[in-house]
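Trainee: 3D model of this:
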Amino acid sequence: MIYGEASFSDLSYYMGDKNSDQCLQRWRYSLRPQIKRGKWTAEEDQEVMNIVSEHGFDWQKIKDVQKHRTRAQVRERVRILTAKNRSGSNGGAKHWSVEETFFLMSRIKQHGSRNWSAIRKEFQL
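Mentor: This is a model prediction of the structure:
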């Protein structure tokens, strides 16, 4: 980039109806050449699932490990991988039973909504 990330206010001047925040977001999450696109490797999948099993759905920690993927890419990949892990016999996502829902809610009440690793340990996945 010619001017660096600090010059988005200058760039927005030339973009007409786009402000500096919009220009910055477009660069960070779409145009930056460091962003990896395309298929995820088995190593990336394993790395992401290891972080999820250790820290739960802490997107920033997952993103810190996957530096060449955007947060949106990481969230979508985790959603796909966890759906695969919970898939029912029809190949689609398995619906939660009433008992599972109540069990989850009681564990959230017990451990808090940010301690997913403790909640996960009590589930038979």
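Trainee: mind exporting the C-alpha coordinates of whichever strand or helix holds residue 13 to PDB?
Mentor: For residue 13, the enclosing helix or strand under DSSP states H and E is helix 8-14. Coordinates of the C-alpha atoms in helix 8-14 are reproduced here as PDB (Å, rounded to 0.1, in the frame of the first residue of the first chain):
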ATOM      1  CA  PHE A   8      -7.500   6.200   5.100                       C
ATOM      2  CA  SER A   9      -8.900   9.700   5.800                       C
ATOM      3  CA  ASP A  10      -6.800  10.900   2.900                       C
ATOM      4  CA  LEU A  11      -8.100   8.100   0.700                       C
ATOM      5  CA  SER A  12     -11.700   8.600   1.600                       C
ATOM      6  CA  TYR A  13     -11.400  12.100   0.200                       C
ATOM      7  CA  TYR A  14     -11.000  10.600  -3.200                       C
END
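Trainee: got a pLDDT number for the spatially most central residue of the chain?
Mentor: Note on the chain: the residue nearest the mean C-alpha position is residue 75, at 2.3 Å, using C-alpha atoms, centre = their mean. If you check residue 75, the pLDDT there is 85.
Trainee: cool, and residue 93?
Mentor: Residue 93 is assigned a predicted lDDT (pLDDT) of 54.
Trainee: same question, residue 84
Mentor: If you check residue 84, the pLDDT there is 62.
Trainee: check contacts around the nearest residue to the residue nearest to the centre of the chain once chain neighbours are set aside.
Mentor: Nearest-residue entry for residue 75: residue 59, 6.3 Å, with adjacent residues in sequence omitted and distances by C-beta to C-beta, 6 or more residues apart in numbering. Every C-beta, even on glycine, is put in place using the N, C-alpha and C of the backbone. Contacts were defined as C-beta atoms under 8 Å, 6 or more residues apart in numbering; by that measure residue 59 touches 71, 74, 75.
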